[in-house]
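Peer 1: Here is a sequence together with a model predicted from it:
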Amino acid sequence: MSRTVIKRTQTGVRIESSLLKVLKGLAEYTDLTLGDLLEGIVLHAFEGKAPFSAETQTVITKLKSVYGCELSASDSHQLVESET
C-alpha cells in the first residue's frame, strides 16, 4: 500500500480532561501518536464507518473507567466548561 504525503498543522485544541486521558491511553495502546489516532477517528467518521473493533471498544471502556470518563455520545455539543 502506498503512503499519502500530507502537510500537518500544529493546533491548540481544548478538550475535556478525562476524555483526553482516554485518548492518550488509547494512542499508547494502539502504538499511534495522539494526532494519528484523531486523524483516523475523524476519517472513519467522515465516511460513516466505525473507527474501532470490538476488541478496541473493550479497551476504551476499561480506559474510561480508569480515568473516570463518564461522557457518552449523547453529551456531544452539550458540555459546559466550569468557571474554575
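Peer 2: All right, it came through fine. If you're wondering where the values come from, they're calculated on a predicted model, not measured in any experiment. Numbers count the residues shown, from 1 in each chain.

Peer 1: In which helix or strand does the most centrally placed residue in the chain reside?
Peer 2: Residue closest to the mean C-alpha point of the chain, counted by CA atoms, centre = their mean, is residue 23 at 4.5 Å. Secondary structure assigned from DSSP states H and E places residue 23 in helix 17-30.

Peer 1: Report the mean per-residue pLDDT for that helix.
Peer 2: Model confidence over helix 17-30, given as mean pLDDT, is 98.

Peer 1: Any chance you could list what contacts it?
Peer 2: Residues outside helix 17-30 that contact it (CB atoms under 8 Å, 6 or more residues apart in numbering) are 15, 33-34, 36-38, 56, 59-60, 63-64, 66-71. For the C-beta atoms, the positions are set from N, CA and C on the backbone; glycine is no exception.

Peer 1: Identify each buried residue in whichever helix or strand comes after that helix, please.
Peer 2: Heading C-terminal from helix 17-30, the first helix or strand you meet, by DSSP H and E, is helix 34-46. Under the neighbour-count criterion of 16 or more other CB atoms under 10 Å, helix 34-46 has residue 37 buried.

Peer 1: From the chain's centroid, how far away is helix 34-46?
Peer 2: Chain-centre distance of helix 34-46: 8 Å, with CA atoms, centre = their mean, to the nearest Å.

Peer 1: Check stretch 1-8 too.
Peer 2: 21 Å.

Peer 1: what do you get for stretch 20-32?
Peer 2: What separates the centre of stretch 20-32 from the centre of its chain is 8 Å, taken as CA atoms, centre = their mean.

Peer 1: buried stuff in that stretch?
Peer 2: Buried positions in stretch 20-32, judged by neighbour count with 16+ other CB under 10 Å: 21, 22, 23, 25, 26, 27.

Peer 1: could those be laid out in JSON lines, adding distance to residue 44?
Peer 2: Converted to JSON lines, the buried residues of stretch 20-32 look like this (distance: CB to CB, whole Å):
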{"residue": "21", "distance to residue 44": "21"}
{"residue": "22", "distance to residue 44": "17"}
{"residue": "23", "distance to residue 44": "14"}
{"residue": "25", "distance to residue 44": "19"}
{"residue": "26", "distance to residue 44": "14"}
{"residue": "27", "distance to residue 44": "15"}
